[in-house]
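K.L.:
Model the structure of this input:
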Amino acid sequence: KYLDNSSGSEGFRTHCDIGRCIERSQLFTATRSGTLTAVSITAFRSGYPDDSLYISIYPADEKGLPVAGKPLSAAAFPADAISWSPQRVTIRPDIKVTRGKRYAIVTRSGATTGCYGVAYSDAAPYPGGGAGYSGDCGKVFKAEENRSLQFMTFVK
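P.N.:
A predicted model of the protein is given here:
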């Protein structure tokens, strides 16, 4: 009912590399002002991760990448709460967002064994934003051309 953004559901594949200082992000632009009530990202686990999956919301910079600092919202999911098969994982940020402002969804884990994965497409299914990659524990993110992670945002 309050769907604000979606990358869609067709043409996605999966990759598992979140952990060991690898983080992934997805930019979205709020299409209306209000309360960001839910954010879903398609994720899974493989190889018995030894840390939780963390999903956070950050403001995004002019390049569409997360702004360093404290997240606007963050949630942790223990490994056994994440499915082995790709499923929507939903956080409930309950934060104010502004129409036209850009935000970044960041997935990370301190896992040193196993990994978490996401569903993605390199066909730019969400033209209002793009994905980012960090291999240095989130210090620097680099844009990934035409890539979108599978996600949905809800604003009330």
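K.L.:
where's T35 relative to K139, distance?
P.N.:
According to Cβ to Cβ, to the nearest Å, T35 stands 30 Å off from K139. Using the backbone N, CA and C atoms, a C-beta is placed for each residue, glycine as well.
K.L.:
and those two? which has more neighbours close in?
P.N.:
T35 (14 against 10; other Cβ atoms under 10 Å).
K.L.:
residue ranges of the strands in this protein, please?
P.N.:
Ranges of strands in the chain, per DSSP state E, are 3-6, 13-18, 23-29, 34-46, 53-59, 73-77, 87-91, 95-97, 102-108, 115-121, 131-134, 142-144, 148-149, 151-155.
K.L.:
and V67, which of those strands is closest to it?
P.N.:
Ranking those by proximity to V67 (Cβ to Cβ) places strand 53-59 first, at 4.7 Å.
K.L.:
Does anything pack onto the closest one? Which helices or strands?
P.N.:
Contact here means 3 or more Cβ pairs under 8 Å, 6 or more residues apart in numbering; DSSP states H and E; on that basis strand 53-59 packs against strand 34-46, strand 73-77, strand 87-91, strand 102-108.
K.L.:
Mind putting the strands of the chain into TSV with distance to L65?
P.N.:
Output for the strands of the chain, formatted as TSV (distance: least, Cβ to Cβ, whole Å):
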stretch	distance to L65
strand 3-6	17
strand 13-18	17
strand 23-29	7
strand 34-46	17
strand 53-59	9
strand 73-77	17
strand 87-91	19
strand 95-97	18
strand 102-108	7
strand 115-121	16
strand 131-134	5
strand 142-144	6
strand 148-149	13
strand 151-155	16
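K.L.:
For these, give me JSON lines that also has mean pLDDT.
P.N.:
Converted to JSON lines, these look like this (pLDDT from 0 to 100):
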{"stretch": "strand 3-6", "mean pLDDT": "95"}
{"stretch": "strand 13-18", "mean pLDDT": "97"}
{"stretch": "strand 23-29", "mean pLDDT": "97"}
{"stretch": "strand 34-46", "mean pLDDT": "98"}
{"stretch": "strand 53-59", "mean pLDDT": "98"}
{"stretch": "strand 73-77", "mean pLDDT": "98"}
{"stretch": "strand 87-91", "mean pLDDT": "98"}
{"stretch": "strand 95-97", "mean pLDDT": "98"}
{"stretch": "strand 102-108", "mean pLDDT": "97"}
{"stretch": "strand 115-121", "mean pLDDT": "97"}
{"stretch": "strand 131-134", "mean pLDDT": "96"}
{"stretch": "strand 142-144", "mean pLDDT": "94"}
{"stretch": "strand 148-149", "mean pLDDT": "96"}
{"stretch": "strand 151-155", "mean pLDDT": "98"}
